[in-house]
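> kindly generate the corresponding structure for this input.
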Amino acid sequence: MKKSKQIIMLGLSMFMMNTISYAQVSIPDQVFTDLSTVMDTIDFENNSNGNTSQNNDNSGTSNIISADLKDIVKYERDRNNSTLSLKLAQVSSSDIKESEGLISITLSAESMALNGLTSPVSYLVEKNDRLIRYFEFENSANGGSFNIYLMDNVTSKINSSASSLNINFNKTIPAVPKIVIDPGHGGKDPGAYAPSTQTQEKTLSLRTGLLLRDALLAKGYEVSMTRDSDTYPGLRDRSAQANDSDADVFISIHYNSAGATSASGIETFAFYTEDNKKLAASIQNQLISNTGVNNRGVKNGNKLIVLNTTKVPAVLVELGFLSNPAEAKRLMQNDYQNTLASAIAMGIDNYFGR
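Sure, this is the predicted structure:
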């Protein structure tokens, strides 16, 4: 995290040595004061700017590109909810079959002609988000079918009209939610540094992560960690762990730094969807309530790789400034570390209404 202009320039020089140009450095909308947050916006593993493909797009909207279907199929989603809109006329309830994990829509030859689907079409679109595995369409001279394959613990509601079908999907939370804790940095990446206490961010974030793990386990959550020692998981590996396990919350733990030693307080970043903002606000509010420190608020983290590649509800917390001598001293105290871990766990409790 940024301590001075010299450190920032050194960091950017290191980026250049790794063939990353200034144009590829994706700076968040806020003026971040920490070097490690800027580092977290760069995909070192793939030397890209962190953009996701259409099928895994977290922006909330994907349109299927096909000569006959581009104006018929639209898929919009938040992390726990989505809607598949099909502009199909003359589809009755008897044409729709629902079974566990599958919704099938049968189209007659007449319906196909009415909807302009006379040319042979066969496609499969993998979504692999929290709600839909994939959907596929096939047709022939005798008719066609549209099949939607769901993820586990997903409910659906179908609303039909004379000219369209809207299918709403909702991810139900299991009795024991899964939490993935990501202690920031680690291994080759030390993160920020506290001159007054000679503490590296990677060490402190791991300490907090382990305490949070214990607090959540005591509350009955299922918990896993992206690291539990001084190792460096890749940025996309961290989010992949949450995605692959279909976790219910991903939380990345960090500490801040700034050129001005007066900077202080806690802030929480979220990929901006309603569900993520709800999670971020719950954790941020509880942290401020329990610590009484400066409230830096909930901020847009859309350009942070560990958030914009994570398909499950995800936040990144900055728990204090290592560059502030008084705050750095407090962050080292056992009681305060327990307070931070307990507050995050309570915020997660509040999010789930437990």
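> in the chain, where is pLDDT below threshold?
Within the chain, the segments meeting pLDDT under 70 span 1-68.
> quick one: the helices in it?
Counting by DSSP state H, the chain has these helices, from start to end: 5-17, 35-39, 109-114, 201-218, 235-244, 274-291, 305-308, 325-331, 334-352.
> and these, which is most packed in?
Compared across the helices of the chain, helix 305-308 shows the largest average neighbour count, a mean of 25 (mean count of other CB atoms under 10 Å). Every C-beta, even on glycine, is put in place using the N, C-alpha and C of the backbone.
> which strands or helices does that helix pack on?
When contacts are defined as 3 or more CB pairs under 8 Å, 6 or more residues apart in numbering; DSSP states H and E, helix 305-308 sits against helix 235-244, strand 249-256, strand 314-321.
> tell me how many other residues crowd Y134.
Burial of Y134 is recorded as 14 neighbouring residues (other CB atoms under 10 Å).
> my read: it touches L102, true?
No: if you go by CB atoms under 8 Å, Y134 and L102 don't touch, sitting 11.1 Å apart.
> can you list residues touching both of these two?
Common neighbours of Y134 and L102, counting by CB atoms under 8 Å, 6 or more residues apart in numbering, are Y149.
> separation between Q198 and P325?
12 Å (CB to CB, to the nearest Å).
> equivalent analysis for N308, please.
According to CB to CB, N308 stands 34 Å off from P325.
> circling back to that earlier point, to D182, which of the helices and strands packed on helix 305-308 lies closest?
Nearest to D182, of all those, is strand 249-256, at 4.1 Å by CB to CB.
> starting at the chain centroid, how far to that closest one?
Offset of strand 249-256 from its chain centre (CA atoms, centre = their mean, to the nearest Å): 12 Å.
> equivalent analysis for stretch 275-286, please.
In this view, stretch 275-286 has its centroid 13 Å away from the chain centroid, taken as CA atoms, centre = their mean.
> which other residues reach it?
78-81, 249, 251, 266-270, 295, 297-298, 307, 313-315, 317, 343-344, 346-348, 350-351.
> residues touching the residue nearest the centre of the chain, list them.
Among the residues of the chain, the one closest to the centroid is T310, at 3.3 Å (CA atoms, centre = their mean). With contact taken as CB under 8 Å, 6+ apart, T310 is in contact with N58, S239, A242, N243, F250, F271.
> if we can go back for a sec, export the helices and strands packed on helix 305-308 to CSV and tack on distance to S119?
Shown next, in CSV, are these (distance: least, CB to CB, whole Å):
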stretch, distance to S119
helix 235-244, 36
strand 249-256, 43
strand 314-321, 41
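> out of these, nearest to Y149?
For those, distance to Y149 was read as CB to CB. The smallest value, 17.3 Å, belongs to helix 235-244.
> give me the angle between the closest one and strand 314-321.
Relative orientation of helix 235-244 versus strand 314-321 (axes from the mean of the first three to the mean of the last three CA atoms, to 10 degrees): 130 degrees.
> run the angle between helix 235-244 and strand 249-256 for me.
Using the same axes, to 10 degrees: helix 235-244 against strand 249-256 is 150 degrees.
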